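Student: Show me the folded form of this:
(chains A and B)
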Amino acid sequence: MSRVRHVAVVGRDAALWLSALVLHRAMGPAGVTVEAIELPSHLVPADVYTAVPSLSGLHAMLGLTEPDVLRTCAGVPMLGQRFVGWSGGDDGFVHGYDLRQPGIEDVDFLQFWIHARTRGMNVPWEDFSFAASAARMGRLPLPDADPESPAALAPGYHLHARAYAGAMRNYALAQGIAHRATDQVSVETAGDRIASVRLGDGANVGADLYIDASGPDAALLSALPGGEAESWSHWLPCNRVMRASAPPLHPLPPFGEITAFRAGWVGRFPLQNRTALVAVYDDAQIDASEMAGTLARIAGTSLREAPEVAAFASQARTPWIGNCVAIGEAAANLDLLDAVSLHAIHAGLTHLLAFCPADTTDMPESALYNRTMRATFESLRDFQITHYRLNNRTGEPLWDRARATPAPESLEVRLRLFAARGQVPPHDEECFQPQNWAALFVGHGLIPRDHDPRVDLMPEREQIIRFHTLLAHIAESVRPMPTVAQYLAGPTAG
Amino acid sequence: MSERQPVEVVIVGGGTAGWMAAAGLAGILKPEICRVRLIESDEIGIVGVGEATLPQMRDFNSAIGVVESEMMRRTNATFKLGIEFVDWGWQGSRYIHPFGVHGETIGGVGFQHRWLRAAQHGREWDVGEFSYAIAAARANAFDFPSSDPGAIDSTYNYAYHLDASLYARFLRDFAETRGVVRTEGKIVSVQRDGERGGIASVTMESGKVITGDLFLDCSGFRGLLINQLDAPFEDWTKWLPCDRAFAVPCELGGDFTPYTRSTAREAGWQWRIPLQHRIGNGYVFASAFIDPDRAAETLLANLDGAAQTEPRMLRFAAGRRMNSWSHNCIAVGLASGFLEPLESTSIYLIQIAIQNLIKLFPQAEIDPALPAEYNRLMDLEYSVIRDFLILHYRANTRDDGELWRHCRDMEVPDSLTEKIALFRHSGHIEQTKIGLFSPPSWLSVLLGQGVRPERYHPMADAMPLDVQLAGMEKLHTRIAARVAKMPSHAEAVADFCPSEAGRALRGAA
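Tutor: Below is the predicted model of the structure:
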């Protein structure tokens, strides 16, 4: 029986450095040393990290400040994603990252909206979202806005990926985290545990705990029994990712734009010095050269250089086996929708700290960790599948198939309850809260058939007043907010 | 679009479950949404469901608009800060499961890890000394929690001991003034809806036929309606073998405790619930392990005052009904399952059933997604409570009865096995969003029953030991200093909610 004293983090890019930083920060003071084994980067120059607002919490824990991160990574703060061409409607919808779900007493405001809609009110649901409204107006609240206000919002980010990974690397090295670079690793196993990791130069690395942050191939975990991946491609059907860059947008929008086309989707993510373009598509529907043209056309811009193409497959593994814990894409390779890749890393680390192994030889914490992370990843997966499942593009094989493929039962149950009553069932381990699911479902055209009867207890006249009051409050809150450029310039620039 | 019609709700049975449901629906949904009729027979006695409650009951009462002092006065209620378990883990042991936290979480590390670390360094504190609720309970003191989150006396919650029959009676008045119609009489038959598969109507002894859109089966163990539907009973007696109880009230005596006491006995356990005018007592036992006469004798020999009646025997079986919402029928209370009152969960389970029903309240034509979600939520509630109760039996080292040896060796649900093993390994307790019993509850019972972690969270070592120990000393002192200024439980009750019976007794004394 002995304590974990040494942790080896093997991986690359953000997953490697965030893991090393978080573990060093949390466990270093308790006498644990963390060593980073760096594999060659998978990032291409055009890569972008898109992050939901929880990233700012991770940065705060690490002692990173927002202005520094945005400056170093050409970052743009953002409040959501706009989805165009998925389920009809030229204007698409914005999934805004609201912190709160508005309600009247115990009843969600959505319930009043469902009812009002049947009475002929035609204001879209997203107009009642602070985040979506601010995003569409090109504005976002200053970081020091009152967190108790109903209008309180925290931004997510678009970050130049190489700059971000590089900044995290520099930060980790500045903290004194030991580091070795290698072109490859091989794993020496003993039963379901890792005995040591051999580097390209023949050196052996031993540790009490190994973190696999190596990306979808899971260089460490996949060497262990039970470390094989389970495919999710059935539901998340795209198999290629294309990345490119275009000139920066003026003005900078505080949201990403995700446009569906016949073979997949194209994402346009604003950065300060360029626009990152990403296409996630099915190569059976379109070849790479045609895709490059389509990418530029949909983005409405010219590409700065030839795009890069990589294979992609959505999948997941049991993240903790023996003395090895996979973090990020090594644990679950999700679609690139919804800005969750860094969140997935963050969630894996948060739970690892909570279920930190207390002993080197026996790690029963893994069962609870694996169940928790499974629920976390499945929830993210289901959120992404929703975009495909609820698409309304007919006559295109990819989309017809996506619509016809039954979703996992966990999602089908959610869809049925929402369709019946506009409710999102409460679950443990959720990145996206009920207001996010509601924005997603309604945005994709799933309008509940019925509402909570408690809505009927409020006189209709008063309901109308409440609608007007909320819309006015949103408009008043958004109007004085800075534009992205003003936000980036800082409060003193006024 | 046409206005929707109110849903016709028929509640069968008028005990605690029936009247809580009637009051909940009438208080929150109003007659515009549902018209409620409750059928009960004065000839059929009610099982006075457990007289001790959980803090969640305060939310229910305030949501429907009950005035706390009035409710307490009319039900002879007292305050409750937790449950004391005597002789449970082993003879001579004693711990309180409080309505409140132990210490605080610092830097993501729960208090138990710092407590364990202190113990490993020779500072063996009673973990209960770091719980405000426990300190107040031990002092037989009560005061309302502070609403200032920085105050030490904001770290606890409270519930009630009350007369459940009077609570039902109180809610009956409440419900009837809000439009609930009470129908007296016995039901002689139940008619199914051939087309939709649910309940179409019930026929009264008088020949009167009562129809409805939605039926709540609050008929107790009999499950008059739910028994007709596809809602099989899942038997949990292999884990919870107690199947009978003797109940007897006695005169006031001993301490006027702001907590329930549960004392382990040879073949079960005895409850002690102080009300304003008497003490409720009972012996829950497993008939396979003791002769009922002996159980009754044991109970009568262990009262703090003179018995007021002959002991009354109840029979039950642990388990719950799958699909307690089936078609247009929802079983609430004992009709939906039974768990012994060890952790005062009976009224909570009624309450959560009503709250979930209100959240998912259907139209006359029921969308199947609503019962599906309702049953999912109720399954989670029941499973968590089941595991928590089993823990009390499984983790014991008593050697005075066959029941205890049996329970110590029994196979328990995997979910519980894992929980105990992980706590023993490293003091971890999982936090969940849905269902009862947050980590502080598990902590108090696991430790109290003698499950001692072998290790603590590695990050607990991040704080210098002397800093940690000084922080613990300070916390301990803060709690003791504030508790010393609290009024006694008796004073708090006399001041806030004196009942007639309680006042009469105090006047006589």
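
Student: Now the phi/psi pair for the one residue in the stretch 101-250 of chain B that gets nearest to chain A, please.
Tutor: Among the residues of the stretch 101-250 of chain B, residue B:108 lies closest to chain A, at 5.9 Å counting by CB to the nearest CB. For every residue, glycine as well, the C-beta is placed using N, CA and C. Per-residue torsions, residue B:108: phi 80, psi 0 (degrees, to the nearest 10).

Student: Three-state assignment for the nearest residue to it once chain neighbours are set aside, please.
Tutor: In space, and not counting its chain neighbours, residue B:108 is closest to residue A:353: 5.9 Å by CB to CB, 6 or more residues apart in numbering or on different chains. Three-state assignment for residue A:353 (DSSP: H, G, I helix; E, B strand; the rest coil): helix.

Student: and residue A:446, what does it touch?
Tutor: Applying CB atoms under 8 Å, 6 or more residues apart in numbering or on different chains to residue A:446 gives the contacts A:390, A:415, A:418, A:419.

Student: Quick check: residue B:283 is in a strand.
Tutor: Yes - if the criterion is three-state DSSP, then residue B:283 is within a strand.

Student: From residue A:8, how far out is it?
Tutor: 58 Å (CB to CB, to the nearest Å).

Student: Just want to know which of the two has more residues nearby.
Tutor: More neighbours surround residue B:283 than the other of residue B:283 and residue A:8, with 30 against 26 (other CB atoms under 10 Å in any protein chain shown).

Student: Please name the bridge partners of that one.
Tutor: residue B:246, residue B:270 (DSSP bridges).

Student: ok so, going back, now tabulate the contacts of residue A:446 in CSV and tack on neighbour count and pLDDT.
Tutor: CSV is the format used below for those (neighbours: other CB atoms under 10 Å in any protein chain shown; pLDDT from 0 to 100):
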residue, neighbour count, pLDDT
A:390, 19, 97
A:415, 17, 98
A:418, 25, 98
A:419, 16, 98
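
Student: and which of these is nearest to chain B?
Tutor: residue A:419 (7.2 Å).

Student: Touching, the closest one and residue A:450? I think so.
Tutor: No - using CB atoms under 8 Å, residue A:419 is not in contact with residue A:450, being 9.3 Å away.

Student: Low-confidence stretches in chain B?
Tutor: B:1-3, B:45-50, B:508-509 (pLDDT under 70).

Student: helix, strand or coil for residue A:260?
Tutor: strand.

Student: Quickly list what it is bridged to.
Tutor: With DSSP bridges as the rule, residue A:260 is bridged to residue A:265.

Student: That one and residue A:85, how far apart?
Tutor: Distance from residue A:260 to residue A:85, by CB to CB: 4 Å.

Student: Residues in contact with both of the two, list them for me.
Tutor: Common neighbours of residue A:260 and residue A:85 (CB under 8 Å, 6+ apart) are residue A:393.

Student: of all of the stretch 101-250 of chain A, which residue lies closest to chain B?
Tutor: For the stretch 101-250 of chain A, CB to the nearest CB, closest residue to chain B: residue A:118, 5.4 Å.

Student: Check the burial of that residue by counting its neighbours.
Tutor: With other CB under 10 Å as criterion, residue A:118 counts 12.

Student: State the number of residues packed around residue B:139.
Tutor: Neighbours of residue B:139 (other CB under 10 Å): 15.

Student: coming back round to it: against residue A:456, how distant is the residue of the stretch 101-250 of chain A closest to chain B?
Tutor: Residue A:118 is 12 Å from residue A:456, by CB to CB.

Student: Next: residue A:244.
Tutor: 52 Å.

Student: who are the neighbours in contact with whatever residue of the stretch 1-150 of chain B ends up closest to chain A?
Tutor: Closest contact between the stretch 1-150 of chain B and chain A, by CB to the nearest CB, is at residue B:33 (4.4 Å). Contact partners of residue B:33, counting by CB under 8 Å, 6+ apart, are A:453, A:454, A:456, A:457, B:6, B:7, B:361.

Student: before we move on, what about residue B:375?
Tutor: Per CB under 8 Å, 6+ apart, neighbours of residue B:375: B:322, B:323, B:324, B:325.

Student: a helix runs through it, doesn't it?
Tutor: Yes - Residue B:375: assigned to a helix according to three-state DSSP.

Student: Now do it against residue A:334, distance only.
Tutor: Noted for residue B:375: a distance of 30 Å to residue A:334, by CB to CB.

Student: what sits against residue 434?
Tutor: As the question left the chain open, I've gone with chain A. A:101, A:108, A:424, A:426.

Student: You answered for a different chain; I wanted chain B.
Tutor: A:426, A:427, A:428, B:377, B:380, B:381.

Student: What about residue B:235, how many residues nearby?
Tutor: Counted with other CB under 10 Å, residue B:235 comes out at 12.

Student: returning to that earlier point: when residue A:244 and residue A:456 are compared, which one has more neighbours?
Tutor: residue A:244 (28 against 18).

Student: Quick one: the strands in the stretch 251-400 of chain B, in order.
Tutor: Using DSSP state E, counting those that start in this stretch, the strands of the stretch 251-400 of chain B run over B:260-265, B:268-274, B:279-285, B:312-315, B:319-321, B:325-326, B:329-331, B:337-338.

Student: so of those strands, which one's packed in deepest?
Tutor: strand B:329-331 (a mean of 30; mean count of other CB atoms under 10 Å in any protein chain shown).

Student: In its sheet, which strands sit next to that one, and in what direction?
Tutor: strand B:214-217 (parallel), strand B:325-326 (antiparallel).

Student: Which among the ones you listed is found nearest to residue B:279?
Tutor: Nearest of those to residue B:279, taken as CB to CB: strand B:214-217 at 32.4 Å.

Student: Can I get the closest one in PDB, CA atoms only?
Tutor: Output of strand B:214-217 as PDB, limited to C-alpha atoms (Å, rounded to 0.1, in the frame of the first residue of the first chain):
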ATOM      1  CA  LEU B 214     -56.600  10.100 -13.600                       C
ATOM      2  CA  PHE B 215     -56.700   7.900 -10.600                       C
ATOM      3  CA  LEU B 216     -54.300   8.100  -7.700                       C
ATOM      4  CA  ASP B 217     -54.100   4.900  -5.700                       C
END
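
Student: Show me what counts as buried in the helix or strand harbouring residue A:436.
Tutor: Under the criterion of DSSP states H and E, residue A:436 resides in helix A:434-443. Of all the residues in helix A:434-443, those buried under the rule 16 or more other CB atoms under 10 Å in any protein chain shown are A:434, A:435, A:436, A:437, A:438, A:439, A:440, A:441, A:442, A:443.
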